[in-house]
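Student: the amino acid sequence is not available; the structure is as follows:
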Ligand SMILES: [Fe+2]
Ligand SMILES: [Fe+2]
């Protein structure tokens, strides 16, 4: 069994300071196999904000896979924006904005979808997709293949279609051919779990789409701060939300959904069926074997 804690859109510089300590404590208590942060660590890509984000990441368990978001690229400093957009991300967070983690049960690949020429939207390109295929295609089917981006491949209802990462269809078709299981993203500050079959209609394939809300930003789009806990145990995956309760200053259990991998892709289980499935909690505190090529952000 593997347990991923999925945080997103921290936005240091515009945070609810009360949530930061309890968030770190909740993550540590979960004893995750891996911590994923799907971008927007800062509000305005300032050094002071990156330093705060760095201190926060240092308070969390490792290994970690962290990718940048559009807010991690300088907005007003045009020279920096175009000539060295990820300089501060690389200095304070990780030298590798496209980290990779693997162990016996899962392979997790991060992709940078932030671009200098657009303030808000994101894109994935052919080189990045080729690199993902190289990283993910070789694994046997039982290994969970997870892709982490800031900009999403799918949307909850009611969102502007431009929010989908640019060239998503090209990327999804390539990732489907590798049997990609889970796509983790952020950016919208809205939680959502679904599968990609409806949007992409790729025969014989559907990936789970997991969108995290903002863990600490004050811009919650009507939602409380939250993060996701993703449990993977072949052939099942469970996505549970943890939700910030200001009245108790703690993150508490939110809704959970369980999915089963079938020959046609991922299928959501009814609550009745899901209740009979246990995710073994043993061994979740393990420090998994990290091969030499894995990038621990
Ligand atoms: Fe954000
Ligand atoms: Fe964003």
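Tutor: Sure, I can see it. Remember, it's a predicted structure, so these values are computed and weren't measured experimentally. Numbering: from 1, shown residues only. Ligands and ions are numbered 1, 2, ... in the order given.
Student: how far away is residue 229 from ligand 1?
Tutor: As judged by C-beta to the ion, to the nearest Å, residue 229 and ligand 1 stand 20 Å apart. Using the backbone N, CA and C atoms, a C-beta is placed for each residue, glycine as well.
Student: how near is that residue to residue 27?
Tutor: 9 Å (C-beta to C-beta, to the nearest Å).
Student: residues shared between the contacts of these two?
Tutor: The contact sets of residue 229 and residue 27 overlap at residue 5 (C-beta atoms under 8 Å, 6 or more residues apart in numbering).
Student: name the residues that touch the helix or strand of the chain at the bottom of the mean pLDDT ranking?
Tutor: The helix or strand of the chain with the lowest confidence, counting by mean pLDDT, DSSP states H and E, is helix 78-83 at a mean of 77. Identification of contacts with helix 78-83 by C-beta under 8 Å, 6+ apart yields 73, 74, 75, 87, 116, 117.
Student: near ligand 2, which residues of this structure show up?
Tutor: Residues of the chain found near ligand 2 (C-beta under 5 Å from the ion) are 40, 69, 70, 187.
Student: sorry, back to before: list the buried residues in the least confident helix or strand of the chain.
Tutor: By 16 or more other C-beta atoms under 10 Å, the buried positions in helix 78-83 come out as 80, 81.
Student: residues contacting the biggest strand by length in the chain, please?
Tutor: Scanning the chain for the longest strand, with DSSP state E as the assignment, gives strand 250-262. For strand 250-262, the external contacting residues (C-beta under 8 Å, 6+ apart) are 19, 22-23, 26, 181, 193, 195, 208, 225-227, 234-245, 266-269, 273-274, 277.
Student: adjacent strands (with direction) for that strand?
Tutor: Here strand 250-262 has these sheet partners by DSSP bridges: strand 236-245 (antiparallel), strand 265-268 (antiparallel).
Student: deepest-packed of the ones you listed, please.
Tutor: Ranked by mean neighbour count under mean count of other C-beta atoms under 10 Å, these are led by strand 236-245, which reaches a mean of 21.
Student: give me the neighbour count for residue 18.
Tutor: Around residue 18 sit 13 other residues, with neighbours defined as other C-beta atoms under 10 Å.
Student: so it sits against residue 246, correct?
Tutor: Yes - contact criterion C-beta atoms under 8 Å: residue 18 and residue 246 qualify, at 6.9 Å.
Student: next one: the closest residue to residue 11 other than its chain neighbours from residue 226, what distance?
Tutor: Computed as C-beta to C-beta, 6 or more residues apart in numbering, the closest residue to residue 11 that is not its neighbour in sequence is residue 217, at 3.7 Å. Separation of residue 217 from residue 226 (C-beta to C-beta): 11 Å.
Student: any shared contact partners between these two?
Tutor: Counting by C-beta under 8 Å, 6+ apart, nothing touches both residue 217 and residue 226.
Student: show me where pLDDT drops low in the stretch 51-200 of the chain?
Tutor: Along the stretch 51-200 of the chain, the model assigns pLDDT under 70 to no residue.
Student: all the helices of it, in order from the start?
Tutor: Assigned by DSSP state H, counting those that start in this stretch, the stretch 51-200 of the chain shows helices spanning 78-83, 87-88, 126-136, 168-177, 197-200.
Student: who is residue 34 paired with across the strands?
Tutor: Beta-bridge partners, per DSSP bridges, of residue 34: residue 4.
Student: could you list which residues are in contact with it?
Tutor: Contacts for residue 34 (C-beta under 8 Å, 6+ apart) come out as 2, 3, 4, 5, 63, 64, 65, 101, 106, 108, 288.
Student: go again with 10 Å.
Tutor: Neighbouring residues of residue 34 by C-beta atoms under 10 Å, 6 or more residues apart in numbering: 2-6, 61-65, 101, 103, 106, 108, 146, 230, 288, 296.
Student: which of these count as buried?
Tutor: Buried among the contacts of residue 34 (16+ other C-beta under 10 Å): 2-6, 61, 63-65, 101, 103, 106, 108, 146, 230, 288.
Student: which one of those sits closest to ligand 1?
Tutor: residue 6 (14.2 Å; C-beta to the ion).
Student: that closest one: which element?
Tutor: Per DSSP states H and E, residue 6 falls inside strand 2-7.
Student: and the residue of the stretch 101-250 of the chain found nearest ligand 2, its phi and psi?
Tutor: Taking C-beta to the ion as the measure, the stretch 101-250 of the chain has residue 187 as its residue closest to ligand 2, at 3.9 Å. Here is the backbone geometry of residue 187 (degrees, to the nearest 10): phi 80, psi -40.
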